[in-house]
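Engineer: next one to model:
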Amino acid sequence: MSELIKRCRLRQAIPQDIWAIRGLVLGAFLDPTQLRTEQFWVIELEGKIIACGQLRTFENALELGSVVVKQSYRNQGLGNYLTNHLIEQAKCPLYLECLGDSLKTFYQRFGFVEVNFQDISPSLPQKFGLTKTITQWLRLPLHIMILK
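Structural biologist: Presented below is the predicted three-dimensional model:
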């Protein structure tokens, strides 16, 4: 465990954290909708939130989303630490969607594998379908993945 992680505090988000979470999510150009504080975990350093991630709840499925580490704290293990924690919390099939091959490679290290849109949980097509449509229109590479 890195010295930085030892100085940090991982905790479930509280309502007062929403503006810090929104700032991280918007700063990473991620989807700012469906940000429910009760679904987030945050990493705090000296009273400031420097990372966040959420587990969105669907019927018989979860989605790992909005995993963001503040730019100045990246590449120091915080993303791995937070992702591992979120995976440990999952009690049903865990999905995610990501743009680009570098994020796909990042999540493959945790055991995520790409899945066809037709094979995802029946509760997810509406949510993932919107992203699929937008990414096709913008010609962006979308990867839908499940934890194996």
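
Engineer: next SSE downstream of the longest helix anywhere in the chain?
Structural biologist: Of all segments of type helix in the chain, defined using DSSP state H, the longest is helix 125-138. Next helix or strand after helix 125-138 toward the C-terminus (DSSP states H and E): strand 142-147.

Engineer: now the strands for this structure?
Structural biologist: For the chain, the strands defined by DSSP state E cover 9-12, 40-45, 48-58, 61-69, 94-99, 112-114, 142-147.

Engineer: among these, show me which one is buried the most.
Structural biologist: strand 61-69 (a mean of 23; mean count of other CB atoms under 10 Å). For glycine as for every other residue, the C-beta is placed from the backbone atoms N, C-alpha and C.

Engineer: what about that one, average pLDDT?
Structural biologist: The average pLDDT within strand 61-69 is 96.

Engineer: with stretch 37-44 instead?
Structural biologist: In the prediction, stretch 37-44 has an average pLDDT of 98.

Engineer: name the residues that touch that stretch?
Structural biologist: Applying CB atoms under 8 Å, 6 or more residues apart in numbering, the contact partners of stretch 37-44 are 8-15, 17-18, 20-21, 49-57, 66, 69, 78, 81-82, 85-86, 89.

Engineer: kindly recompute the last result at 6 Å.
Structural biologist: 8-10, 12-13, 15, 17-18, 21, 49-56, 78, 82 (CB atoms under 6 Å, 6 or more residues apart in numbering).

Engineer: please apply the same query to stretch 63-76.
Structural biologist: 2, 4, 24-25, 28, 30, 50-54, 56, 78-79, 86, 94-96.

Engineer: list the beta-bridge partners for the residue nearest in space to the middle of the chain.
Structural biologist: Centroid-nearest residue in the chain, with CA atoms, centre = their mean: G65, separated by 2.6 Å. Taking DSSP bridges as the rule, G65 bridges to Q54.
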